[in-house]
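1. Please find the sequence and the predicted model below.
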Amino acid sequence: MAVSNNGTADGTQPKVSVRGLWKIFGSGVPTELTDEVQQSSKAELREDSGWVIGLRDVNFDVQPGETFVVMGLSGSGKSTLVRTLLRLIEPTYGSIEVDGEDILQYSEEELIEYRRTKTAMVFQHFGLLPHRTVEENAAWGLEIRGIDRGERMERAHEVLDLVGLTGWERYRPNTLSGGMQQRVGLARALAADPDVMLMDEPFSGLDPLIRRDMQNELLRLQQQMHKTIIFITHDLSEALKLGDHIVIMRDGAVIQMGTGEEILAHPADDYVSEFVRDVRKSSVVTLRTLLEPVQVKLRMDMSPKEAMEALGEMGEVAGFVANGRETYAGAVSFASLAEANQTGCTDCSGALLDDVAPLSEDMSVSAALPLVRHMSGAQPVIDADGRLAGQVSPRSVIEMMEQESLAEAEEPSTLSVGADAN
Amino acid sequence: MALASPPIGNGMGRGVRDWFAGLSDRYIYGGGAIIFLMLAWIGASLWGSNLEFPERFTFGKALAVRVDDLIFWITVNLAFILDPISDGILRFLVELEDFFQWVPWPVTIIAATAIAFKVAGRRMGIFALVSLLLLGGFGLWESAMETMALIAVAVLISIGLALPIGILAARSDLVDALIRPILDAMQTMPAFVYLVPAIMFLGIGNPAAVLATVIYAVPPAIRLTNLGIRQVSPGTVEAARAFGTTSRQLLVKVQIPMAIPTIMAGINQTTMMALAMVVIASLVGAGGLGDDVNRALSQFQPGNALNGGIGIVILAIIIDRVTQAAAKERQEALMGSRN
């Protein structure tokens, strides 16, 4: 099991760093981790000592500003995990560092301060106070910090506006629909302006359509705010949609960690494969996986004649032109180069075709399909910095979509893993 | 259900246990009852029937003497605590009673009707108006006000005790386990048993009546305060804690407000039980409707006793319906509808 230490390599400190985290429920659990416990299976421990393993040697890092998804079925320990991050459940062994401080060493006062300022949580069952109005609920985190009423209400109205609840400030939460109640839960968390947002299956209790709205809402908010989000879900498609990194848990242990694409491409074991099987890969897998090296890379300062020669050498009729620092400039064809040559151009700029648009390497395969399906030749693909990353052939995109629809025809269950929840 | 066949092998002990395990409970209890009767019969023929518990093993009388001594000792030596309590209750009661008597009866009736109307609806408003006029018609107005003062003082003292004790019990399983049998005893112990100590501590009269009433009436308020706080949804408590509430903030801003409907139900029960005590309380010198009933009975006037009884019933119904409606309103406010 590889610990994805992305980011630590270039020296940035992870926001949250969990090391060797165990939670064993039961009485008489030893204070130090013993070899015996370490080597026993979940079932053995339960039979021998009546202890139940909630978390088993969990390790991961969460980078600042990313959405980190913990995914697993019920009983996998994901809810226990997120609660240990706030010490709503005390872990048995291990360490949890947030901004380099081990929160397990905090005193009661420090812990309360940590919960008030560093973190905020959104709950599956909302956990709103029924005797308070929507605005009072949203201002809850500020109220208990002792911020005076005028200031906290102002802040509450800001965040309620942000989540689209203007006009509902003075209602009681129980008069609102589930989706709206969760918006209040989200507003309450946002009002506290935390560094780290913990979200425990926040959308699982909502109707599929509302759930999709809320996911998009969260993506939109995250684009503005760049919070560090730790998001718990049992729904792989939700995990893939929201997560920059995903860990998959089972029986309290992490069984795979990586980006959505990595998990889809290389499921760690049969358990993960089962999840992955029902997901529409084409909407997650990006063009990066289909990328081929550029056949003919031309430079802007080449004369049309030189470019034609380069094409001729490779036996191609078209090629892509890059600027000095590999920045994509456009595409040329043999015909356009010949025409430019005749009009007396000294470089390739006169020969650029205006009907070829580069594709982004982060684009999903299914999104790329309508753009490439009528194209005959390879299409240019650029990375986030506009550099020419490679090319993709329309053939490979169409093949991938065909494979998927064949698989779906065999397997009628096109429901995503989470669609049966609740 | 069927008898298990005798097991094979595995040693005798195991075999017998398995055989018993195979029996249904019905056979075991039935067999037990037969064995008990046989032992009783054998015992009766050995020692004779109507066997007395040996005198030298009894300690009840000795213990009773000790308790008497203790109570005397408290009466004599703790007077410096008991007397101010007695005085305080008495002053509180007298002030309240004077106030109730000072307010002209039409004002009281209009006020009570208005409250019943506002809180419990039109029907209850009409009932309050008619029944309070009836109370006056029976010639019970003064007694009723005296009883109201007594009930009010007893209930206020009960609330003052029940809230802190109930909160402590809700927050500590140990306290809960400790007070539970005490509350059971307070509710089941015949009131006459503590009337005499009450008189000895506080003297004959209203303070002793208030003490006895409080002992009898306070348990439901404590129990329901405890229950109300404990039954606040764990999800709500967790969410509140996740945002960094101190345990004091949790109590004051979350648990108590959400427990209020239940606490009010407890106060309602306490009030009803206090009303049920007024006749017994009159035995130690409390005035009011209880005293009317008591005197009528001792003078063989069942008619007058009935009048007093009806007066108590009228007060009970009005107080019960109004406090219940108030609790329900609060419950609904908690559960939704616009602020």
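-> Structure received.

2. From here on, just use CA atoms for contacts and neighbour counts.
-> Will do.

3. how is chain B carved up into domains?
-> Per automatic domain parsing, the structural domains of chain B span B:11-47, B:60-338.

4. Single out the most deeply packed of the ones you listed.
-> Stretch with highest mean neighbour count among the domains of chain B: domain B:60-338 (a mean of 19; mean count of other Cα atoms under 10 Å in any protein chain shown).

5. what residues are up against residue A:81?
-> Taking Cα atoms under 8 Å, 6 or more residues apart in numbering or on different chains, we find residue A:81 in contact with residue A:55.

6. What is the three-state secondary structure of it?
-> helix (DSSP: H, G, I helix; E, B strand; the rest coil).

7. Mind putting the domains of chain B into JSON lines with distance to residue A:222 and mean pLDDT?
-> Listed next are the domains of chain B as JSON lines, based on distance: least, Cα to Cα, whole Å; pLDDT from 0 to 100:
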{"stretch": "domain B:11-47", "distance to residue A:222": "62", "mean pLDDT": "80"}
{"stretch": "domain B:60-338", "distance to residue A:222": "21", "mean pLDDT": "91"}
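
8. will you turn the ones you listed into a markdown table that also has distance to chain A?
-> Below are the domains of chain B laid out as a markdown table (distance: least, Cα to the nearest Cα, whole Å):
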| stretch | distance to chain A |
| --- | --- |
| domain B:11-47 | 22 |
| domain B:60-338 | 4 |
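
9. now those as a markdown table including distance to residue A:165?
-> Below are these laid out as a markdown table (distance: least, Cα to Cα, whole Å):
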| stretch | distance to residue A:165 |
| --- | --- |
| domain B:11-47 | 61 |
| domain B:60-338 | 15 |
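
10. of all the ones you listed, which lies closest to residue A:397?
-> domain B:60-338 (46.5 Å; Cα to Cα).

11. can you tell which of the domains of chain B is closest to residue A:139?
-> Nearest of those (Cα to Cα): domain B:60-338, 10.8 Å.

12. Contact partners for residue 162?
-> By default, I'm working from chain A. Neighbouring residues of residue A:162 by Cα under 8 Å, 6+ apart: residue A:187.

13. Wait, chain B was what I had in mind.
-> Neighbours of residue B:162 in contact, by Cα under 8 Å, 6+ apart: B:218-219, B:221-222, B:225.

14. Neighbours of residue A:142, how many?
-> Using other Cα atoms under 10 Å in any protein chain shown, residue A:142 is surrounded by 25 other residues.

15. Next SSE downstream of the strand or helix carrying residue B:227?
-> Residue B:227 belongs to helix B:206-230 when assigned by DSSP states H and E. Using DSSP H and E, the helix or strand that follows helix B:206-230 towards the C-terminus is helix B:234-242.

16. From the contact counts, what lies against that next one?
-> When contacts are defined as 3 or more Cα pairs under 8 Å, 6 or more residues apart in numbering or on different chains; DSSP states H and E, helix B:234-242 packs onto strand A:119-122.

17. Show me which residues of chain A sit near chain B.
-> A:86, A:88, A:111-116, A:119-121, A:123, A:125, A:127-131, A:133, A:140-141, A:144, A:170-175 (Cα under 8 Å from any Cα of the partner chain).

18. In ChimeraX, select just the buried ones from those residues.
-> Buried residues within the residues of chain A next to chain B, by 16 or more other Cα atoms under 10 Å in any protein chain shown, are selected in ChimeraX with:
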select /A:86,111,112,113,114,115,116,119,120,121,123,125,127,128,129,130,131,133,140,141,144,171,172,173,174,175
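
19. ok, residue B:321 touching residue B:121?
-> No. Taking Cα atoms under 8 Å as the definition, residue B:321 is not a contact partner of residue B:121, at 9.9 Å.

20. How confident was the prediction at the residue nearest the centre of chain A?
-> Chain A has residue A:243 as the residue nearest its centroid, 1.3 Å off, counting by Cα atoms, centre = their mean. At residue A:243, the model reports a pLDDT of 90.

21. do residue A:165 as well
-> 88.

22. Checking my notes, it in a strand, right?
-> No. Assessed with three-state DSSP, residue A:165 is coil; it does not lie in a strand.

23. thinking again about what came up before, so which elements touch the helix holding residue B:227?
-> Identification of packing neighbours for helix B:206-230 by 3+ Cα pairs under 8 Å, 6+ apart yields helix B:79-102, helix B:141-171, helix B:173-188, helix B:191-202, helix B:256-276, helix B:278-282.

24. could you redo the last one with a cut-off of 6 Å?
-> On a contact count with 3 or more Cα pairs under 6 Å, 6 or more residues apart in numbering or on different chains; DSSP states H and E, helix B:206-230 meets helix B:79-102, helix B:141-171, helix B:191-202, helix B:256-276.

25. Quick one: work out the angle between the third one and helix B:206-230.
-> Inter-element angle recorded for helix B:191-202 and helix B:206-230: 120 degrees (by axes from the mean of the first three to the mean of the last three Cα atoms, to 10 degrees).

26. Check what contacts helix B:191-202 and list those residues.
-> With contact meaning Cα atoms under 6 Å, 6 or more residues apart in numbering or on different chains, helix B:191-202 is reached by B:75, B:86, B:208.

27. Can you classify the residue in the stretch 201-350 of chain A that chain B sits nearest to by secondary structure?
-> Proximity to chain B, evaluated over the stretch 201-350 of chain A using Cα to the nearest Cα, is greatest for residue A:202 at 12.7 Å. Here residue A:202 is recorded as coil under three-state DSSP.

28. any chance you could map the helices in the stretch 1-150 of chain A?
-> Along the stretch 1-150 of chain A, counting by DSSP state H, counting those that start in this stretch, helices occupy A:35-39, A:42-49, A:78-84, A:108-117, A:134-138, A:140-145, A:149-162.

29. Turn these into a markdown table, including mean pLDDT and distance to residue A:366.
-> Output for the helices of the stretch 1-150 of chain A, formatted as a markdown table (pLDDT from 0 to 100; distance: least, Cα to Cα, whole Å):
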| stretch | mean pLDDT | distance to residue A:366 |
| --- | --- | --- |
| helix A:35-39 | 78 | 44 |
| helix A:42-49 | 80 | 41 |
| helix A:78-84 | 92 | 31 |
| helix A:108-117 | 92 | 41 |
| helix A:134-138 | 93 | 39 |
| helix A:140-145 | 92 | 42 |
| helix A:149-162 | 91 | 31 |
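
30. separation between residue A:152 and residue B:83?
-> 51 Å (Cα to Cα, to the nearest Å).

31. Residue A:52 too?
-> Separation of residue A:52 from residue B:83 (Cα to Cα): 59 Å.

32. so residue A:357 sits in a strand?
-> No. Using three-state DSSP, the assignment for residue A:357 is coil, not a strand.

33. Residue A:329 sits in which helix or strand?
-> Of the helices and strands defined by DSSP H and E, residue A:329 is found in strand A:328-333.

34. May I see the buried residues of whichever helix or strand comes after that strand?
-> Next helix or strand after strand A:328-333 toward the C-terminus (DSSP H and E): helix A:334-342. For helix A:334-342, the neighbour count (16+ other Cα under 10 Å) marks A:334, A:336-337, A:340-341 as buried.

35. Likewise for stretch A:255-266?
-> Buried residues in stretch A:255-266, counted by 16+ other Cα under 10 Å: A:255-261, A:263-264.

36. One more: stretch A:269-281?
-> In stretch A:269-281, the ones that count as buried by 16+ other Cα under 10 Å are A:272, A:275-281.

37. Redo the residues you listed as a markdown table? Include distance to residue B:246, secondary structure and pLDDT.
-> Putting those into a markdown table (distance: Cα to Cα, whole Å; DSSP: H, G, I helix; E, B strand; the rest coil; pLDDT from 0 to 100) gives the following:
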| residue | distance to residue B:246 | secondary structure | pLDDT |
| --- | --- | --- | --- |
| A:272 | 41 | helix | 84 |
| A:275 | 41 | helix | 77 |
| A:276 | 43 | helix | 78 |
| A:277 | 46 | helix | 74 |
| A:278 | 45 | coil | 70 |
| A:279 | 44 | coil | 71 |
| A:280 | 46 | coil | 68 |
| A:281 | 47 | helix | 71 |
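
38. Stretch A:29-37: how far from the chain's middle?
-> Put simply, stretch A:29-37 sits 35 Å off its chain's centre (Cα atoms, centre = their mean, to the nearest Å).
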